[in-house]
Structures are given as C-alpha cells and as structure tokens.
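Student: Predicted model, plus sequence, below.
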Amino acid sequence: MVVVMSPDATDEDVAHVVERVESVGGEAFVSRGVVRTIIGLVGDIDSFHDLNLRALRGVADVHRISDPYKLVSRQHHADRSTVWVGQAGRRVPIGPETFTFMAGPCAVESAEQTLEAARMAQAAGATILRGGAYKPRTSPYAFQGLGVRGLEILADVREATGMPVVTEIVDARDVDVVAEHADMLQVGTRNMANFGLLQAVGESGKPVLLKRGMTATIEEWLMAAEYIAQRGNLDVVLCERGIRTFEPATRNTLDISAVPVVQATSHLPVIIDPSHAAGRKDLVVPLSRAGIAVGADGVIVDVHPEPENALCDGPQALLGDELRDLAQAVRDLPAMVGRAGSGERTGGSR
C-alpha cells in the first residue's frame, strides 16, 4: 500500500502519517520526488484500512498496490515522471516530454581529454556530461579510473561547459564524495544487485541513473529501483544497456522491447546506452535511432577525441562522422514521436 501526499503537504503532515502507521505495527518508507511525496507501507493491510488514512491532513490518495515494486509502479502514479538533473540555473529534464542526449568519455583520463570530449558532446547537442572517475572492470589489470582526481576534473569541466555531470559509483563508502562533485549518481550493470549501494545512493539526495544488470529480468531491475525509492529517492532514471545473450556478434544485446514494457509498468524515465550494448561505434547510431523510435526518454553514449588511444572502451567511442550522424538523429527524430529534441527544455525551476 502507498500513501500519496498532496503537493502542499508539510513535513508535519508526513510525520503524522508515519506515526499513525507505526502505531499499528507497520513500517513507513518516505520517498520524495520533485513534485510529490509518497509513503510506502509495509505491514497488515487491514490495520492500515482501519486508520482511515485518506482523511488525514495532506493526504491526496491511498492505493493498494499488487506489484512487488510499490513506489516505482504506475499503479499509483498514472503519469510518467520527469527527473531533473543539475544545479540552479542549469537543470536538464529526463522524462516523457523531451529526449535527453547524454554523452562524454567512458573514462576520465586527463583534464584536457575530458574537456575536449565534453566540448565535442556539447557541440553535438548533448546536455548532460557522462564520464567515469571509478571504473569497475572485468580485469583487475585494466584501467580502474582516477578516483577523486577524476571527480575533480568532472566538476571543473562542468564549470567550463555548464553541463550537469553523471558519473558511476561503485562503493557505498564513496557516496558522499561522489555526490559532492556530481549531479547524478550512476549505478552500473555490475552493481544493480548491490543492495547496500542501492540503499546508500537512495539516501544521497541526488538523482540516480540505474543501469540494468546484464542478466537481470525487468522485474529484478525494477525491484533494484525500489531499493533506491524506499530509501527516500524517487528521482531514478532507468538505463537499458544490453543484456547477455547467446549472440556473440555484439558485446551485449540491446533489449529495445524493454523500453515500452518498463514505461507501461513504471513511472520512471527509461533511456538506452547503445555504446555499451554494442561495443562497436558503427552500431551506436542505428541503435540510437531505434531507441528514439520505441519511445526511449534519452540516450547515453561514449565520445572521445582519440578513440584509438582511449584507456577504456575506445572501439565504441564516437568521433567525426559517427558523432555528426548521431547529432542529426537526436535533433531530428524525437519530433517524429512527439517529443522536443535534446536541449530544447533546459534551465527549469522545478
């Protein structure tokens, strides 16, 4: 069961609902989004009904939810959500009305490389900068990222370009330092089921980009998002980045069908990552076009000024003609499915 608070509900109104729920032995998990606050209830449903929660001040509605993921389900939230990323004066929306283009280097290697990649991304129409300061790699001998120095570089590049920053976090102990430097925290495919990390980013106060695990079902993916929402954070964006199948022609198989399936089930925005799905730059633009066609809320891709010298995932990084083709796709195609293009609605006050 969930309690949906009205937009003008006060902290005292929320606290009163929590107190009433706990008085009958239940648990209440408060999750705050940009527009509304939702309280997820765990316990005896009949006892909750006896509380007459709808009559309490500040309560807009009460829903009994059959989905195992209560807070991210569309059963209580018919309209799809928009998540705003960035600081005052430069906030970028990710949601159903716009198509959001996110791009940057897979890994932060140096201040010069990151700034050049950011300039390339911005010139192509990207409004959010991606870049990895911490890199979880299959091999322990591969480049693992610059850590805090990488975060500092990303923050400097944000100041130079005005682009909000999304970067991956791999350890719950690093939440505070990553949140200090980044505008959005990314949980990667290898950590989708790292429940301690999910809870920590849920308490961070920053929007979260949650990638689908490479072998995860859609329900498992949404349950991971529920861990974040249950800790107080409804500003979650889901990212389909390809799943592991029997097909070796690409690194992973981009599950395009997951986009409309999740959007019908959850109110959270859904974007795609064709770079990490394909592992090949020649497939990034076709997969991006497909993502736009099925209604994805955005795309996140790798760009690099010298892909042949990249320390991480150079073969999938865009440059030159491929980046120009992608820029045209994200500029022209969203209008065909009823969306504003990337960058056409920024700087919002919400």
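Tutor: Okay, I see it. Numbering: from 1, shown residues only.

Student: other SSEs contacting the host helix or strand of residue 262?
Tutor: Counting by DSSP states H and E, the element that carries residue 262 is helix 258-265. Packed against helix 258-265, as judged by 3 or more CB pairs under 8 Å, 6 or more residues apart in numbering; DSSP states H and E, are the following elements: helix 218-230, strand 236-240, strand 270-272. Where you see a C-beta, it was placed from the backbone N, CA and C, and this is true even at glycine.

Student: which other residues reach the shortest one?
Tutor: Applying CB atoms under 8 Å, 6 or more residues apart in numbering, the contact partners of strand 270-272 are 94, 100, 102, 209, 237-241, 254, 256, 258-259, 262-263, 287-288, 291, 296-300.

Student: so who does residue 13 touch?
Tutor: Contacts for residue 13 (CB under 8 Å, 6+ apart) come out as 5, 56-59.

Student: With neighbour count added, can I get those residues in CSV?
Tutor: Formatted as CSV, the entries for the contacts of residue 13 read as follows, by neighbours: other CB atoms under 10 Å:
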residue, neighbour count
5, 22
56, 16
57, 12
58, 19
59, 20
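
Student: Of those, which is the nearest to residue 220?
Tutor: Comparing the contacts of residue 13 against residue 220 with CB to CB places residue 5 closest, at 28.7 Å.

Student: quick one: the nearest residue to the closest one once chain neighbours are set aside from residue 228, how far?
Tutor: Leaving out its chain neighbours, the residue that sits closest to residue 5 by CB to CB, 6 or more residues apart in numbering is residue 37, at 4.3 Å. Applying CB to CB, to the nearest Å, the value for residue 37 to residue 228 is 15 Å.

Student: And residue 136, by the same measure?
Tutor: Distance of residue 136 to residue 228, given as CB to CB: 18 Å.

Student: Over to residue 302?
Tutor: If you go by CB to CB, the gap between residue 302 and residue 228 works out to 25 Å.

Student: Could you do residue 248 as well?
Tutor: Counting by CB to CB, the gap between residue 248 and residue 228 amounts to 33 Å.

Student: any low-confidence regions in the protein?
Tutor: Scanning the chain with the threshold set as pLDDT under 70 gives 342-350.

Student: now with 50?
Tutor: Scanning the chain for pLDDT under 50 picks out the ranges 344-350.

Student: Now the phi/psi pair for the residue of it positioned farthest from its centre, please.
Tutor: Distance from the C-alpha centroid of the chain, by CA atoms, centre = their mean, peaks at residue 50 (37.3 Å). Phi and psi for residue 50, reported as degrees, to the nearest 10, are phi -70, psi -20.

Student: can you pull out the strands in this protein?
Tutor: With DSSP state E as the definition, the chain shows strands at residue ranges 2-5, 27-32, 37-42, 59-63, 83-87, 90-94, 100-104, 128-130, 165-168, 184-187, 208-211, 236-240, 270-272, 298-302.

Student: Next, format those strands as CSV and append distance to residue 319.
Tutor: Formatted as CSV, the entries for the strands of the chain read as follows, by distance: least, CB to CB, whole Å:
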stretch, distance to residue 319
strand 2-5, 46
strand 27-32, 41
strand 37-42, 43
strand 59-63, 49
strand 83-87, 25
strand 90-94, 24
strand 100-104, 12
strand 128-130, 16
strand 165-168, 21
strand 184-187, 23
strand 208-211, 24
strand 236-240, 23
strand 270-272, 20
strand 298-302, 10
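
Student: For residue 145, find the nearest of those strands.
Tutor: Distances from residue 145 to each of those were compared using CB to CB; the shortest belongs to strand 165-168, at 8.5 Å.

Student: Indicate each strand paired with that closest one and its parallel or antiparallel sense.
Tutor: Neighbouring strands of strand 165-168 in its sheet, by DSSP bridges, are strand 128-130 (parallel), strand 184-187 (parallel).

Student: most neighbours per residue, which of those?
Tutor: Neighbour counts averaged per stretch over the strands paired with strand 165-168 are highest for strand 128-130, at a mean of 27; criterion: mean count of other CB atoms under 10 Å.

Student: what residues does that one touch?
Tutor: With contacts defined as CB under 8 Å, 6+ apart, strand 128-130 is touched by 85-86, 92, 100-105, 118, 121-122, 154, 157-158, 161, 163-167, 183-184, 186, 300, 302.

Student: how far does that strand sit from the chain's center?
Tutor: Between the mean C-alpha point of strand 128-130 and the mean C-alpha point of its chain there is a distance of 12 Å (CA atoms, centre = their mean, to the nearest Å).

Student: How about stretch 211-219?
Tutor: For stretch 211-219, the separation from the chain centroid amounts to 14 Å (computed by CA atoms, centre = their mean).

Student: Check which residues of it are buried.
Tutor: Neighbour-count burial for stretch 211-219 flags 211-214, 216, 218 (criterion: 16 or more other CB atoms under 10 Å).

Student: Kindly export that stretch (C-alpha atoms) in CSV.
Tutor: Below are the C-alpha coordinates for stretch 211-219, written out as CSV (Å, rounded to 0.1, in the frame of the first residue of the first chain):
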residue,chain,number,x,y,z
LYS,A,211,21.6,0.5,-15.4
ARG,A,212,20.0,-2.9,-15.9
GLY,A,213,22.1,-5.8,-14.9
MET,A,214,23.5,-7.8,-17.8
THR,A,215,21.5,-10.9,-16.8
ALA,A,216,18.6,-9.2,-15.0
THR,A,217,14.9,-9.6,-15.8
ILE,A,218,12.8,-6.4,-16.0
GLU,A,219,11.2,-7.2,-12.6
